[in-house]
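Participant: Fold the following.
(chains A, B and C)
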Amino acid sequence: MTELTSFTIAQARDRLLRKEFSALELTEAHLASMERNKDFNAFITTTPELARERAKASDERIAAGKAGALEGIPLGIKDLFCTEGVMTTAASHILDAFTPRYESTVSQKLRDAGSVMLGKMNLDEFAMGSSNITSYYGPVKNPWKAKGGSNADLVPGGSSGGSSAAVSGHLVMGATGTDTGGSIRQPAAFTGIVGVKPTYGRCSRWGVVAFASSLDQAGPMTRTVRDAAIMLKVMCGHDAKDSTSSQMAVPDFEAVLGQGVKGLRIGIPKEYRPDGLNAEVDALWNKGIGWLQDAGATIVDISLPHTKYALPTYYIVAPAEASSNLARYDGVRFGLRQDGKSLDDMYAKTRAAGFGAEVKRRILIGTYVLSAGYYDAYYLKAQKVRALIAKDFTDAFKKCDAILTPTAPTAAFAIGEKMDDPVAMYLNDVFTVPASLAGIPGASVPAGLTAEGLPLGLQVLTKSWDEETMFRVCQTLEESAQFPTLGAL
Amino acid sequence: MSLDKATVRRIATLARIEVPDADLGTVAEQLSGIMGWIEQLKEVNTDNVAPMSGGTDLKLPWRKDEVTDGDKVDQVLANAPDGHDGFFTVPKVVE
Amino acid sequence: MSYILKGETGDWEVVIGLEVHAQVISKAKLFSGASADFGAGPNEHVSFIDAGMPGMLPVINERCVEQAVRTGLGLKAQINKRSVFARKNYFYADLPQGYQISQYDQPIVGEGTLVLDLADGSTRAIGIERLHLEQDAGKSIHDMHGTKSFIDLNRAGVALMEIVSKPDLRSPEEVGAYLKKMRSILRYLGTCDGNMEEGSMRCDANVSVRPVGATELRTRCEIKNVNSVRFVMQAVEYEARRHVDVYESGGKIDQETRLYDSNKGETRTMRSKEMAHDYRYFPDPDLQPLEFDDAFVESIRKTLPELPDDKKARFISAYGLSAYDADVLVSERENGEFFEVVAKGRDAKQAANWVNTNLFAVLNKKGLSIAESPVSAANLGRLLDLIADNTISGRQAKELFEAMVETGKDADVLVSELGLKQMTDTSAIEAAVDQVLAANTEKVEQFRAGKEQVLGWFVGQVMKATQGKANPATCSDLLRKKLAS
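Facilitator: You can find the predicted model right below:
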C-alpha cells in the first residue's frame, strides 16, 4: 500500500470521499512508513492505536456523509502542542512523562476536522534550534542525502525537524510546526517541502508550549502549497482563550489558488543579498524572480534597512521571553524533579538536569538582558529596533504586494556541523527572523536543488493578514519550479 | 560585552540553574561571544522610537466575570511528581 | 500631635509608607475562570492556568478592571486609560508560573488622596502613589509534614489591588487611621471586603526614621503581611524604636524584608527572602496593554456611592453632628444608613447619640454587626418618638431599649406590655405631690427659706411614688406651684 503514502492531502481527501480507499487503509500505510523509517527519529511518541481508532471513526463519518475538511488525513503533531492523554515533551528532559489533561486549540481544530494524529514529532528542545540537534530525544535525520561525496546524515532543519523530515519522507501527509524565528520555514527549505508561518495571531497559541510568546506562531508543513492552504484554514481562527488571537474572519486560502500573480508587485530587498551570499542560493533567487516576472508580476527593488539587526534583536527578545516562560519548569507540578536540600536547591538541580545546553544558554542570556542595569541597554533597545524592523516592512509594502527572498543561507548541513559555535548556528535564521519580529506571514516553497542535489527554498512574505497573496505567489513558484519532491520511501 | 564568572553565577542563581564552578568559565565565554555579537545593536539610532513589546496591536479582549473553570484537583495534580492529599509539595520552606 | 521617639542623641521621627493588598471582589480570578472564593478544599479552585501548566494563557476578567477603576475613583486618583501588565519574575513555591503578572511602570491608577480622621477630630491628607492590579500567589503550608511544605494554589491568580501610599505617615496612630479609612472606602465601594483576618486585605509597611528636622529619607525596612490593624501599628512602633536604637548605638540599618511576630511583639528578618531580588520586570507578551475610554470611566463614576468624607461633611452640616459622631457613623456604610433612618424627621443629635452610644454598646457587647442589630432603625426611631411626645420618660426609654434588645419586639408593643406609659393624668400626679409635701414638712420649710436645691429631691420622691411614670417636668411645675402657695 506504499502508493497510498504518495498522495497529497488534496488528492487523498478527494479519494477518501470517493471511497477509493478507507481512512484506515490510508493510516495503516502511513503507520507502515513510520515503522520502516524509524531511523529518521522523526517521532518522539507514536500513537498507532489512537490513530487506528480515529481512522475508523473517520470512515464512519465519511460513510455518514459527515466528513470534515481533513477527514481521515494522517498528520504529525509537533511535540510542542499539548495533546490530551498523550505525552507532550517539548523534546526536553524536564517534561519527563508529562501527559496533559487538555488539548491545544490548534490540535483540537485538526482533530475536529477529522484528521488522524499518528504521533508527536521530534523538535529542538523547546523549539530552540535550527537543526533539531538540541532534542533530548536525539537528532532527526533529513530524508535527503547529498549526491556523491560523503554519505553523512543531514539535519532536517529546526526546530520543526521531526515534522519536516516526516512530511518530506512521506511518513505523514502533513504536520504542524511552530515558528518563532524560522522554525517552520527553514526546516521546510532543508527538506524540500512547503512551510507556512501565518500572521501572528492567526493560530491560537493556547496549549502550545511557549518559547517566545510575542513571536510563536503555529503553521502547516506539507508537500504542496494547496495542502498547506487546506491545513492552515483548519488551524486558524479566533480563540477566546488566547488574548493575542485575532477575531478576523479566516479566508478560504485554497480558493485563491490558481489566481496567479499577474499584476502583483514583488519586492526584492537588497539587504537579503549580502556579500558572500551562497552562489547557488543567489542563483535560485534570481530564477524565482524570473518565474514571477514570466507569470506577469512586476519586480520592484525595495530596501529593508534594519535587516542586519534582526538576528541580534531576536537573540535578545526571544531569550528574554523564554527565560520567563520556562520558569514554570521547576519540578513542582509536572515533569522532572531532582531532590534538593532546600526549595532553591531543588529548583537549581531540577533545572540543571532537565534543560539541555542550548536552552540553558538562552535562559541565561534572557535573564541577563532583563536584569537590573541591563534592561534598557538590551531589552528595551531590542524592542525599539524591533519596531524599526516592523516599520521597514510597513514601508516596503507601500511599494509591493509580496516580498521574495531565499529562505535559508545554505542547504541542509551534516549532523554535527556548527555545533561548537552558537552564533554560526543562529545565522541559519538570518532570512526568516525579520518577518517573525514584524509578525507578518511568511512561507517557504521548495524551488530547486543544489549541485549536490539538496533542496533549497524561496521565502514569500506579505503584509499582516494577507496570506491569500502569499499563497498565490507560492503556488506560482511551485508551478514554475517543478520541484522533484521525494517519492514515497 | 564580556561576562565574567561572577556574573554568570549571579544570573544562574536568578534563573535557578545550577552551574558547576568548573563550567563557569566555559559558559561565561559562550555567553560573552553571544553578547559581543549582540553589541552591534548599539549602532542603531532608536531616538524617539516607541518600543514594540508584543507581537500584535490587537485590542486586549476582556472576559466576563464568570466561574467557568476549577474543581479538577485530580487533573491539576495528575502530573505532580510528589502530590499529597490534594496538595503539591516542595522541600520544607522556613520563613 | 506629632509622634516623637526620644533618643539619647535627640528626637527622631518615623516615616512610614504602606502597601495595602486588597483582594478584589469578583466571582472569578483575574486571568482565569476559576472561582475566587475562600474556603474550598486544597487546589479545588485551580484551573490549568493557575497551576502554570505548559501552554496556558491569561485572559483578563473585566470585573477586576472595573473594580480597580472604581477604587481609583474612590481615592480621587488619576485613572490611566492605558496601562501595561508586566511580569515580575521570581521563584517561589506558591508562584506556579515563576512570575507574577502585575503592573510596573504603567499602573491602571496613578496619584490620589486619602484623608485621615484622627482621634482629636482633626484630619490629614495622605498621598496615594498608585494602585495596580496583580495576581495573588498561592499558599504554602509548612506544618503538615516533617520535611515538606504543602502547596495550595486556590489563591493563586485571584485579583489583588496593590495600593501604595506615599511615605506620608508619621505615627502608629496615623497608620491605624489610614488602614481603617482605606478599609472603609473599599467597603463603601464594594471592591474589597477589607477583612484583614481572612487575608482579603493585607498590609506591608515601609518604615524608616530620621532626626526631627531632617528631610532626607534613611534606609527603610519592609514589614510584610501583617494581618490586623493593631499588629501593623505595633509592628511600626517596634520597628521605629529598633531603628533609633541601632542608629544611636552607632549601627546601620540594612534594607530588608522583615516579619512581625505578634506573640513576641517584635520584627525579625524574613529568612526566605534573603536572596537578593532582581525581578526582571518586562511587559507580559501574552497581554496587550489594557485600554479603555472616558465613557467607561464615566459609567463607573456614575455608580459611585457617597463616600465617607462626603457623608461626614453632610452629617456635620445637615444634621449638626460633631466631627467625632460623624466619623463613627460614616466608618461603615451601614452605620450611616441606619442613622439616617433613625434621624429622619427627628432630633438628629439625639438620634446620633442613641446609635453611637446605646446601640453600639449593645452591638459591641454582643459581637454583632449593625446589619444583625436586634433593634431595627425604624424601631429605634419609634422609641425616640415616644420620648418626644412625652409618652415615656428618659428613664423609661432606657428600660424600653433594653427590653427591645432582649426581645426584639416593637417599641409600642413593649410600652404597653411593660406598662411604661408616662402618667398624663395631672390629678394623679397632684395627689402624689400633695402626699410627698405632707410627709416632708421640714424640707418644705427649707425650700421656703430659699434652699432651691430641695426641689430636685422632691421631684425624685414624686417619681418614686409614681413608679417613674410621672413626667418629671409636670412634677416640677406642680411642686413649684404648691410650694409657692
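Participant: make it CA atoms for all contacts and neighbour counts henceforth
Facilitator: Fine.
Participant: of all the residues in chain C, which ones are close to chain A?
Facilitator: Neighbours of chain A within chain C, by Cα under 8 Å from any Cα of the partner chain: C:51-59, C:89, C:91, C:93, C:96-99, C:278-282, C:285-288.
Participant: Which ones among those lie within strands?
Facilitator: When strands are assigned by DSSP state E, the members of the residues of chain C next to chain A inside them are C:89, C:99, C:282.
Participant: Give the closest residue to the last one in space, chain neighbours not counted.
Facilitator: On the basis of Cα to Cα, 6 or more residues apart in numbering or on different chains, the spatially nearest residue to residue C:282 that is not a chain neighbour turns out to be residue C:86, at 5.2 Å.
Participant: Now name the helix or strand holding that neighbour.
Facilitator: In the assignment (DSSP states H and E), residue C:86 maps to strand C:85-89.
Participant: Residue A:172 contacts residue A:72, correct?
Facilitator: No. Taking contacts as Cα atoms under 8 Å, residue A:172 lies outside contact range of residue A:72: 11.8 Å.
Participant: Compare neighbour counts for the two and give me the winner.
Facilitator: Neighbours were counted for residue A:172 and for residue A:72 using other Cα atoms under 10 Å in any protein chain shown; residue A:72 has more, 34 against 31.
Participant: contacting residues for that one?
Facilitator: A:13, A:16, A:23-24, A:26-27, A:54-55, A:58-59, A:114-116 (Cα atoms under 8 Å, 6 or more residues apart in numbering or on different chains).
Participant: Apply 10 Å and report the result again.
Facilitator: A:9, A:12-13, A:16-17, A:22-27, A:51, A:54-59, A:61-62, A:111, A:113-117 (Cα atoms under 10 Å, 6 or more residues apart in numbering or on different chains).
Participant: still on that earlier bit, pLDDT (mean, whole number) over the strand holding residue C:86?
Facilitator: Average pLDDT, strand C:85-89: 98.
Participant: Setting the sequence-adjacent residues aside, check what's closest to the residue nearest the centre of chain C.
Facilitator: Nearest to the mean C-alpha position of chain C, by Cα atoms, centre = their mean, lies residue C:180 at 3.9 Å. Nearest non-adjacent residue to residue C:180, counting by Cα to Cα, 6+ apart: residue C:229, 7.5 Å away.
Participant: which residues do residue A:172 and residue A:72 both contact?
Facilitator: Common neighbours of residue A:172 and residue A:72 (Cα under 10 Å, 6+ apart) are A:9, A:27, A:116, A:117.
Participant: of those residues, closest to chain C?
Facilitator: Sorting the shared contacts of residue A:172 and residue A:72 by how near they are to chain C, with Cα to the nearest Cα, puts residue A:117 at the top with 19.4 Å.
Participant: shouldn't that closest one be in contact with residue A:110?
Facilitator: Yes. With contact defined as Cα atoms under 10 Å, residue A:117 counts as touching residue A:110 (8.8 Å).
Participant: What is the strand holding residue C:86 packed up against?
Facilitator: Contacts defined by 3 or more Cα pairs under 10 Å, 6 or more residues apart in numbering or on different chains; DSSP states H and E place strand C:85-89 against helix A:310-325, strand C:99-103, strand C:123-135, strand C:282-283.
Participant: which strand of chain B spans the most residues?
Facilitator: strand B:88-91.
Participant: Helix or strand: which one has the residue in the stretch 101-250 of chain A that chain B sits nearest to?
Facilitator: Residue nearest to chain B within the stretch 101-250 of chain A (Cα to the nearest Cα): residue A:214, separated by 4.3 Å. Using DSSP H and E, residue A:214 sits in no helix or strand.
Participant: That one - how many residues pack around it?
Facilitator: Neighbour tally, residue A:214, other Cα under 10 Å: 26.
Participant: got the contact list for it?
Facilitator: So residue A:214 contacts A:180, A:200-201, A:244, A:317-318, A:321, A:436-437, A:439, B:52-56, C:284-287 (Cα under 10 Å, 6+ apart).
Participant: Write out the residues of the stretch 151-300 of chain A neighbouring chain B.
Facilitator: A:199-201, A:212-217, A:240-247 (Cα under 10 Å from any Cα of the partner chain).
Participant: Could you pick out the buried ones from those residues?
Facilitator: Among these, the ones that count as buried by 16 or more other Cα atoms under 10 Å in any protein chain shown are A:199-201, A:212-217, A:240-246.
Participant: so who does residue C:145 touch?
Facilitator: Per Cα under 10 Å, 6+ apart, neighbours of residue C:145: B:89, B:91, B:92.
Participant: Turn the residues you listed into CSV, including neighbour count.
Facilitator: Output for those, formatted as CSV (neighbours: other Cα atoms under 10 Å in any protein chain shown):
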residue, neighbour count
B:89, 27
B:91, 22
B:92, 21
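Participant: restrict those residues to contacts with chain C.
Facilitator: Near chain C, by the rule Cα under 10 Å from any Cα, you find B:89, B:91, B:92 out of these.
Participant: Least confident of the residues you listed?
Facilitator: residue B:92 (91).
Participant: what's the residue lying closest to it once chain neighbours are set aside sitting at in phi/psi?
Facilitator: In space, and not counting its chain neighbours, residue B:92 is closest to residue C:148: 4.0 Å by Cα to Cα, 6+ apart. When read as degrees, to the nearest 10, the backbone of residue C:148 gives phi -130, psi 150.
Participant: for residue 63, phi and psi?
Facilitator: Just so you know, I chose chain A. phi -60, psi -40.
Participant: you looked at the wrong chain, it should be chain B
Facilitator: phi -110, psi 160.
Participant: pretty sure it contacts residue C:32?
Facilitator: Yes. With contact defined as Cα under 10 Å, residue B:63 reaches residue C:32; the gap is 9.3 Å.
Participant: Give me the common contacts of the two.
Facilitator: Common neighbours of residue B:63 and residue C:32 (Cα under 10 Å, 6+ apart) are A:241, C:59, C:60, C:61.
Participant: For the first one, give its distance to residue C:324.
Facilitator: The spacing between residue A:241 and residue C:324, counted by Cα to Cα, to the nearest Å, is 52 Å.
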